[in-house]
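Asker: With the input below, show me the fold.
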Amino acid sequence: MTWDMIGHEWAVQLLQGHIENNTLRHAYLITGPSDIGKKNLAIRFIQAICCPNAKSPGIPCLKCPTCTRLQKLEHPDLFPIIVEEGSKQIKIDQIREMVRNLFLSPYEASRRFGLMIDFELANRNSQNSILKTLEEPPGSVILILTAVSANSLFETVASRCEEIKLNPVPIQTTREGLENLYQVPEEHADFLAHISAGKPELALAYYQDPEILERRNTLLDQHFEILKGDSVARFTYANQLVKDPAMVQEMLNIWSSIWHDILLQVGKSDTPIRNIDREGEIKAIISSVDLQEAKSAVKLFQRAHSLLQKNANLKLTVEDLLIQLPTLPH
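Answerer: Numbers count the residues shown, from 1 in each chain. Sure, this is the predicted structure:
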């Protein structure tokens, strides 16, 4: 854990090697599910390149003013792009402003960095506007993009980057990281490692913000109630939920994790369930659904995720999902 990260040791070693061997690429694409640690890895990489107090090449101190400003995305040679509040997309003006700054000489560091978070949210024009910089980057510039997958970007963009694909982190690794890096008590760390489903940043969010954990519990309670509800109850719930698009994404992630557990149990898998605090409710559902119904439910959530990534109608997508989920006896 030389970068104080939970998991993804292979990616850390790879990027450290690029620094040590002076083989840095001009563009990187870090991919993986939400909360897997893409942004954190990108920032650690930049810190490892820039830290003036590095213990050795590729190992930042994480405490100096340079590392601190980079962590806060406030360094003068770092130009981050995220979706602006109230918007659903990365705008072309954001890209153009970043590119203008990247072509200036570095101010403090030896390089300038363009960091584009969740770049799958960039529309066609925004993605096209970064192409020339990807094709002919200034020698002192490194571009780092994060996205759910390479396929979520135009091929012309993804193919010009070195992809680093992050996978879910094992439960044991997450638990040990929470204990060692954040001093989380063992039992609570084990619980968080299970329910975060291989996503270290989600485990940390649950630990550091009790409101997020409470929202999870509320959404799970609503899930089990909706399964007993009729079509009227489901449409009513959908109308309430879509008022907060961010909550829809949270709902999809949490509810789909329950059906992942149900599928494992119905299929008699030895893989441990994620939602260990809801084992009783999961067992109750198992008594009412078969393997095919569980598979179909999992596919419904996958389809909803895919549609929303393509900017499908939010209300219709949620209604379609809810109305097709199995109905359980009261």
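Asker: Now do the strands for the stretch 151-300 of the chain: every range, in order, please.
Answerer: Assigned by DSSP state E, counting those that start in this stretch, the stretch 151-300 of the chain shows strands spanning 162-165.
Asker: Would you map the helices across it?
Answerer: 155-158, 171-182, 186-195, 200-208, 210-226, 231-241, 245-266, 279-286, 291-309 (DSSP state H, counting those that start in this stretch).
Asker: could you redo the ones you listed as CSV and give each row mean pLDDT and distance to Y107?
Answerer: All C-beta atoms are positioned from the backbone trio N, CA, C, and that covers glycine. Listed next are the helices of the stretch 151-300 of the chain as CSV, based on pLDDT from 0 to 100; distance: least, C-beta to C-beta, whole Å:
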stretch, mean pLDDT, distance to Y107
helix 155-158, 96, 27
helix 171-182, 97, 31
helix 186-195, 97, 40
helix 200-208, 97, 30
helix 210-226, 96, 36
helix 231-241, 96, 45
helix 245-266, 95, 35
helix 279-286, 95, 54
helix 291-309, 94, 36
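Asker: Ok, which of the ones you listed comes nearest C51?
Answerer: Minimum separation from C51 across these (C-beta to C-beta) falls at helix 171-182, 18.3 Å.
Asker: if I pick the residue most central in space within the chain, what's in contact with it?
Answerer: The residue lying closest to the centre of the chain (C-alpha atoms, centre = their mean) is S34, at 1.6 Å. By C-beta atoms under 8 Å, 6 or more residues apart in numbering, the contact set of S34 is V148, K199, L202, Q249, N253.
Asker: and the second one, how far is that from E108?
Answerer: K199 is 33 Å from E108, where distance means C-beta to C-beta, to the nearest Å.
Asker: higher neighbour count, the two?
Answerer: The neighbour comparison of K199 against E108 (other C-beta atoms under 10 Å) goes to K199, with 25 against 13.
Asker: Was I right to think the more buried one contacts I36?
Answerer: Yes. Counting by C-beta atoms under 8 Å, K199 touches I36, with 5.3 Å between them.
Asker: Now the common contact residues for those two.
Answerer: Residues touching both K199 and I36 by C-beta under 8 Å, 6+ apart: P168, V169.
Asker: buried ones in the strand or helix carrying E319?
Answerer: When secondary structure is defined by DSSP states H and E, E319 falls within helix 314-324. For helix 314-324, burial by neighbour count (16 or more other C-beta atoms under 10 Å) applies to L314, T317, V318, E319, D320, L321, L322.
Asker: Also stretch 103-115?
Answerer: Buried residues in stretch 103-115, counting neighbours by 16+ other C-beta under 10 Å, are found at P106, A109, R111, R112, F113, G114, L115.
Asker: Show me what it is in contact with.
Answerer: Stretch 103-115 is touched from outside by 42-43, 46, 49-50, 66, 73, 75-81, 98-99, 101-102, 133, 138, 140-144, with contacts defined as C-beta under 8 Å, 6+ apart.
Asker: And stretch 38-48, by the same measure?
Answerer: By C-beta under 8 Å, 6+ apart, stretch 38-48 touches 3-5, 8, 11-12, 15-16, 19, 28, 30-32, 54, 58-60, 62, 66-67, 70-71, 73, 78, 113, 115, 117, 142, 144, 146, 164, 166, 201.
Asker: With adjacent residues omitted, what lies nearest to Q302?
Answerer: Nearest residue to Q302, sequence neighbours excluded (C-beta to C-beta, 6 or more residues apart in numbering): S256, at 7.7 Å.
Asker: Likewise for R69?
Answerer: Per C-beta to C-beta, 6+ apart, closest to R69 is H75, 4.4 Å.
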